[in-house]
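>>> Here's my sequence, what's the structure:
(2 chains)
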Amino acid sequence: MEENKENLLIVDDEEINRAVLANIFSGEYHIIEAEDGMEALEIIRSGADSLSAVLLDVVMPRLSGIELLRKLSQEGLTNRIPVFLVTADSAGSTMKEAYELGVMDVILKPVVSYVVHRRVNSVVELFRARRRLGEEVERQRDQLLLQTQKLAEMGMGMVEALATAIEFRSDESGEHVHRIHDITCHLLSSTPLGDGLSEEQIKLIGLGAVTHDVGKISIPDAVLNKKGRLTPEEYELMKTHTVRGAELLSKIPQMREHSSYQYAYDIALHHHERWDGGGYPDHLKGDETPIWTQIVALADVYDALVSKRCYKDAFDAETALTMIREGKCGMFNPRLLDYFCREEPALRGYYLRNA
Amino acid sequence: MDEMKRQLLLAEGVDVDEAMERFMGNEALMMKFLLRFPQDENFAKLKQAMAQGDTAAAFEAAHTLKGVAGNLSMKTFFRQVSDIVEELRSGNLAEAEAKMPDLETVYVKTLDMLRQLA
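A predicted model of the protein is given here:
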């Protein structure tokens, strides 16, 4: 049974004092004795967590009780182990300093056994309960974090499912949205374009990129999947997928509360804007369109060029880059273009991997 | 505890019942420390320190004696030694010395009593 007992440290230079206290507590605790502050300090430092309480005399050689207390307080140990000052000196100053240094209680000598017993055990029980409660709170917090994470993952899964379903409708593989996500995150993480954005923000922007084309759900099949050129009327209708996409996102409360919403909304609305104001729907110029939306726009164009679509065959990467540089698909931010061209060889990896 | 012992202790101002309570009814442990009292060197140290005018050493010895007497509930001795401790704490060596004869009387009587007990 001995090993199940908790440890109680008694610090006093007088044998009779140690014996009296040890006799009171030896039934419930494994007693450790120290004859001065130095010895006690070594014991406490080597095994603070195994001590249930410390009973500390004040006047001792080498290191006094108050000096020891100062050290323990500095090291934050008085928060972890309840320390009781046992003193014959009821003068205010010692007691006041002791309490300020974090002792749980001051017990006057000569001690009254049942009083010491009760006071010490109450505090030990308090610390025990606090520790148990702390562990329980920590366990619950971990569980909550895990659930939140699962929920967030599920939310992202739903968003991706929605976006992929819409891609399927327009006769694309569904890989398109993933590549736009990958290219956007790659450029933000690997080039100075993402300066000032945290890893978490880049993740949210990536998620926002996934839903860039959700507005296409409102475009009739005949237009969406038309082989060949769109008529001007059909083109005008097609262009509405930007505004409709942003509208759609704003009408899903769960989406609106999601931390990626501000990015997703802007990307859906403005991923067809161009650097010279030649895009739609708002004809934004230059950096009026946030950099991440500009990146999605460029990624979208690049992906469309190098992929086979219902209305065109796939171009090889060099041709695609030349076309983009020549402004065949509208004007892009020159700085963005430079970084895009620099990273383009790496971007091809996303196509090989997903092929 | 047998009644004769108890009466002897009470007669010299030792509150046996209180002491027994402090030792949680462990009579053997209490007796061990009671009977060890005559060997305690602090009374001799106290006298010597006073004779040499060493207030600090006197205080230390008196303080220790007070602790032992308190634990053993030697009420009369404890009260007198406590007075001396306070005088010494305040640096009043002469006042402390003036209180020594009374303390010594109780001390000698206590030692006699303890010899009978042993």
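
>>> A:Glu236 versus whatever residue of the stretch 51-200 of chain A ends up closest to chain B, what's the distance?
Nearest to chain B in the stretch 51-200 of chain A, going by CB to the nearest CB, is A:Pro110, at a distance of 3.4 Å. Any C-beta I mention is one placed from the backbone N, CA and C, and that applies to glycine too. Distance check for A:Pro110 against A:Glu236: by CB to CB, to the nearest Å, it reads 98 Å.

>>> Look at these two and report which has more neighbours.
The residue with more neighbours, out of A:Pro110 and A:Glu236, is A:Pro110; 22 against 11, by other CB atoms under 10 Å in any protein chain shown.

>>> Let me know the helix or strand that that one is in.
Assigned by DSSP states H and E, A:Pro110 falls within no helix or strand.

>>> Quick check, pLDDT for the one residue in chain B that gets nearest to chain A.
With CB to the nearest CB as the measure, B:Gly70 is the residue of chain B nearest to chain A, at 3.4 Å. Looking at B:Gly70, its pLDDT stands at 95.

>>> A:Gly349 now?
For A:Gly349, the predicted pLDDT is 83.

>>> now do A:Ser173
For A:Ser173, pLDDT reads 60.

>>> same question, the one 3 residues further on
Looking at A:His176, its pLDDT stands at 85.

>>> how close does it get to A:Asp300?
From A:His176 across to A:Asp300, the span is 8 Å (CB to CB).

>>> try A:Lys308
16 Å.

>>> Those two: which has the busier surroundings?
For A:Lys308 versus A:Asp300, neighbours defined as other CB under 10 Å are more numerous around A:Asp300 (22 against 13).

>>> any idea which helix or strand comes after the helix or strand harbouring the more buried one?
Using DSSP H and E, A:Asp300 sits in helix A:291-306. Proceeding N to C from helix A:291-306, the next assigned helix or strand is helix A:317-325, under DSSP H and E.

>>> ok, residues contacting that next one?
A:298, A:301-302, A:305-306, A:315, A:329, A:332, A:337, A:340-341, A:344, A:348 (CB atoms under 8 Å, 6 or more residues apart in numbering or on different chains).

>>> And for stretch A:147-165?
A:174, A:177, A:207, A:210-211, A:213-214, A:254-255, A:258, A:260, A:264.

>>> send the alpha carbons of that stretch over as PDB?
The C-alpha trace of stretch A:147-165 is given here as PDB (Å, rounded to 0.1, in the frame of the first residue of the first chain):
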ATOM      1  CA  GLN A 147     -14.800  17.900 -33.600                       C
ATOM      2  CA  THR A 148     -14.400  21.400 -34.800                       C
ATOM      3  CA  GLN A 149     -11.700  20.200 -37.100                       C
ATOM      4  CA  LYS A 150     -13.800  17.400 -38.400                       C
ATOM      5  CA  LEU A 151     -16.700  19.800 -38.900                       C
ATOM      6  CA  ALA A 152     -14.500  22.200 -40.800                       C
ATOM      7  CA  GLU A 153     -13.200  19.400 -43.000                       C
ATOM      8  CA  MET A 154     -16.800  18.300 -43.600                       C
ATOM      9  CA  GLY A 155     -17.700  21.800 -44.500                       C
ATOM     10  CA  MET A 156     -14.800  22.000 -47.000                       C
ATOM     11  CA  GLY A 157     -15.800  18.600 -48.300                       C
ATOM     12  CA  MET A 158     -19.300  19.900 -49.000                       C
ATOM     13  CA  VAL A 159     -18.100  23.000 -50.700                       C
ATOM     14  CA  GLU A 160     -15.800  20.900 -52.900                       C
ATOM     15  CA  ALA A 161     -18.500  18.500 -53.700                       C
ATOM     16  CA  LEU A 162     -20.800  21.300 -54.800                       C
ATOM     17  CA  ALA A 163     -18.000  22.800 -57.000                       C
ATOM     18  CA  THR A 164     -17.100  19.500 -58.500                       C
ATOM     19  CA  ALA A 165     -20.700  18.700 -59.200                       C
END
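
>>> Check the offset of that stretch from the chain's centre.
17 Å (CA atoms, centre = their mean, to the nearest Å).

>>> Same check on stretch A:28-37?
Using CA atoms, centre = their mean, the offset of stretch A:28-37 from its chain centre is 44 Å.

>>> And it, end to end?
One end of stretch A:28-37 sits 24 Å from the other (CA to CA, to the nearest Å).

>>> Next: stretch B:64-82.
10 Å.

>>> can you check stretch B:92-111 too?
Stretch B:92-111 end-to-end distance (CA to CA) = 28 Å.

>>> Repeat that for stretch A:305-319.
Stretch A:305-319: ends 9 Å apart by CA to CA.
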